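Peer 1: structure, please.
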Amino acid sequence: SGNIRIEKGGTLNIDAGATLAMLGSRYLINSGGTLRIVGAEGNPATIQAAAVDNYYYIRQDSGKVYADNYCIEGTNGNGLNIVGGTIDETYNFSNGMFSNSSGTALLTIGEKVVIGDGFKKIDNVSFNARENKPKYNVQRTSGTKPITLTNYSGSLAGAENEVDTGDNLIIWEEPTGFVW
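Peer 2: Sure thing, here's the model as predicted:
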């Protein structure tokens, strides 16, 4: 019924078919542990609000986050707010969906986030707005390595809905080939 904090050495694993339902105004905070939101194709790992219009917060201050085949719904503030720590190079937010949120953005990646040289493109993500909220899909206003998104979709997808300082920290790679 309260906040969830992952401390150093701890792991919160939300796997295929599992749902973590967060109460309104509560926090899920990774403070040095491991947050795994890894589902399977057709069977996502889900974090959502426990009730309609009861928005919650997710923040990573340190530690490591893994996300693949996931659904994150109902966040508030800066959405999934990765202030520090590491994003896994393989389970890097590909094959997922962000939706039904409030606040400023769906995903925020801060300047202190470690993005390794082996980091692949974030592929196949859907960014969906609800009643014009949130305003932005991804925020990245500082850092040293850009994030590239490919095969994106949804009502809030694309560069026109991002917050980037103009330093090309968020790159939206257009599909190649022919569309019939």
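
Peer 1: max-length strand in this protein?
Peer 2: Identified as the longest strand of the chain according to DSSP state E is strand 75-99.

Peer 1: partner strands of it and their direction?
Peer 2: Based on DSSP bridges, the pairing partners of strand 75-99 within the sheet are strand 56-73 (parallel), strand 105-114 (parallel), strand 125-127 (parallel).

Peer 1: which of those sits most buried?
Peer 2: strand 125-127 (a mean of 23; mean count of other Cβ atoms under 10 Å). Backbone N, C-alpha and C define where each C-beta goes, glycine included.

Peer 1: how far does it sit from the chain's center?
Peer 2: On the basis of Cα atoms, centre = their mean, to the nearest Å, the separation between the geometric centre of strand 125-127 and that of its chain is 10 Å.

Peer 1: residues in contact with that strand?
Peer 2: With Cβ atoms under 8 Å, 6 or more residues apart in numbering as the test, strand 125-127 has contacts from 93-99, 106, 137-138, 149, 151-157, 161.

Peer 1: now which of those residues would you call buried?
Peer 2: The neighbour-count test (16 or more other Cβ atoms under 10 Å) applied to those identifies 93-99, 106, 137-138, 149, 152, 154, 156-157, 161 as buried.

Peer 1: tell me which two of the residues you listed sit farthest apart.
Peer 2: 95 and 161 (20.1 Å; Cβ to Cβ).

Peer 1: where in the chain is pLDDT low?
Peer 2: For the chain, residues meeting the criterion pLDDT under 70 lie at 1, 166, 175-180.

Peer 1: now the helix or strand hosting residue 137: how far from the chain's centre is it?
Peer 2: Assigned by DSSP states H and E, residue 137 belongs to strand 136-140. Relative to the chain's own centre, strand 136-140 is displaced by 10 Å; criterion: Cα atoms, centre = their mean.

Peer 1: the helix or strand following it: partners in the sheet, and parallel or antiparallel?
Peer 2: Per DSSP H and E, strand 136-140 leads on to strand 147-150 as the next helix or strand towards the C-terminus. Taking DSSP bridges as the criterion, strand 147-150 sits next to strand 122-123 (parallel), strand 170-173 (parallel) in its sheet.

Peer 1: tell me which of the ones you listed is the most buried.
Peer 2: A comparison of the strands paired with strand 147-150 by mean neighbour count, using mean count of other Cβ under 10 Å, puts strand 122-123 on top with a mean of 20.

Peer 1: so how far is that strand off the chain centroid?
Peer 2: Using Cα atoms, centre = their mean, the distance between the centre of strand 122-123 and that of its chain works out at 11 Å.
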